[in-house]
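>>> have a look; sequence and predicted model below, questions after that.
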Amino acid sequence: MRPEDVGLPSAVVVAAAALGAAVPADASPAARGPLTDVRISDHFDLDAGQMPENVALLPDGTADVTFAGARQVAQISPHGATRVLATLPAPADGGGNTPVLGFALTTGIVRTGDGTLYVLYATGTADLTGLWRIRPGHAPRRIAALPADGLPNGLALDPRTKPLYITDSVLGTVWTVPTTGGTPTAWSTAPELSSTGFLGVNGAKFHNGALWVTNLDRGTLLRIPVGPHNRAGAPQVRASGLVGLDDFTFTGRGNQVLAALNGPNKVVRILPDGTATTLLDAADGLQGPTSVALHGDDLDVFSAAYTTKTDPNLLRAHLRGGRR
């Protein structure tokens, strides 16, 4: 399914294409460096809306992913078999009122140890937009409503105290919701989270007692300290100049990060001092990468092909020394 097939306004396509033309100022030309065995392992069905947006890994490397345009959650085995776990209900208006993008989409995903999945859904309608829970053997259920005029996008879980953190790329807000559901709380509305016209705060990961988020428009990686009583501290810029910065993962080497740059069609490694080096680009088969994940030293990169409109896929590679 191409963006225009699901109602994506042409102005947004132009905006996204403009992001694709922007090259991060502090990212060097593609040089795989620590990556070996780089290959495209899986191709997804664009016409069916199989645009992978976000991923949660199981211990064996199986990937639970959101297929944005299909409104689905699917599971991809280490050998490439794809199985749909759930399809969220279509909005009555077809999703055309979803802010900025103009189509209903599944976005962030988190998996807990008992196999429960938490998924974000943006539809532009009050009855469906929000946080959904999918338990094995049960139908999807919305457990927290979020503003219909927002775009819930990134999702992260604090493994200690269990709140879920939700980024809203349109409202420039991070919400918190307990895993039991309920009324969301606006945890941070700091100006660093806002957009500059397209999408603001985006990817989210909880790491070493802080929430880390990206801002797609501003090209920044931010660390937000979590204070007493779960209060949000002031965002700290840890990297900048990376327009199109989407989702990311930590390599296991301190605060070193691997991140997807959607429009620019790159995967970069960000060092703790904020220096970024391009590891993968279009020549490796990327098609607008949206999310990255590590299983041991094995790297998965999911591309949704939002702007290339050609080949949503899964790229796999080995990261030498990634966890040391």
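In hand now; what should we look at? Numbers count the residues shown, from 1 in each chain.

>>> what about Arg135, how many residues close to it?
13 (other CB atoms under 10 Å). In short, each C-beta sits where N, CA and C put it, glycine included.

>>> now swap in Pro184 and tell me
Neighbours around Pro184, by other CB under 10 Å: 22.

>>> that one touches Leu164, doesn't it?
No: Pro184 lies out of contact with Leu164 (CB atoms under 8 Å); the separation is 9.2 Å.

>>> who touches both of these two?
Leu131, Thr176, Val177 (CB atoms under 8 Å, 6 or more residues apart in numbering).

>>> elements contacting the helix or strand harbouring the last one?
Assigned by DSSP states H and E, Val177 belongs to strand 173-178. With contacts taken as 3 or more CB pairs under 8 Å, 6 or more residues apart in numbering; DSSP states H and E, strand 173-178 sits against strand 163-168, strand 185-188, strand 201-207.

>>> can you dump the C-alpha coordinates of the last one into PDB?
Which is strand 201-207. Extracted in PDB, the C-alpha atoms of strand 201-207 (Å, rounded to 0.1, in the frame of the first residue of the first chain):
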ATOM      1  CA  VAL A 201       9.100  13.700  19.400                       C
ATOM      2  CA  ASN A 202       9.200  10.200  17.900                       C
ATOM      3  CA  GLY A 203      11.100   7.100  19.000                       C
ATOM      4  CA  ALA A 204      11.400   6.200  22.700                       C
ATOM      5  CA  LYS A 205      13.500   3.900  24.800                       C
ATOM      6  CA  PHE A 206      14.000   3.600  28.600                       C
ATOM      7  CA  HIS A 207      17.700   3.300  29.500                       C
END
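
>>> buried stuff in that strand?
Residues Val201, Asn202, Gly203, Ala204, Lys205, Phe206 are the ones in strand 201-207 that count as buried (16 or more other CB atoms under 10 Å).

>>> got JSON lines for these, with distance to Ala283 and pLDDT too?
As requested, those are exported to JSON lines (distance: CB to CB, whole Å; pLDDT from 0 to 100):
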{"residue": "Val201", "distance to Ala283": "30", "pLDDT": "98"}
{"residue": "Asn202", "distance to Ala283": "25", "pLDDT": "98"}
{"residue": "Gly203", "distance to Ala283": "24", "pLDDT": "98"}
{"residue": "Ala204", "distance to Ala283": "29", "pLDDT": "98"}
{"residue": "Lys205", "distance to Ala283": "28", "pLDDT": "98"}
{"residue": "Phe206", "distance to Ala283": "33", "pLDDT": "97"}
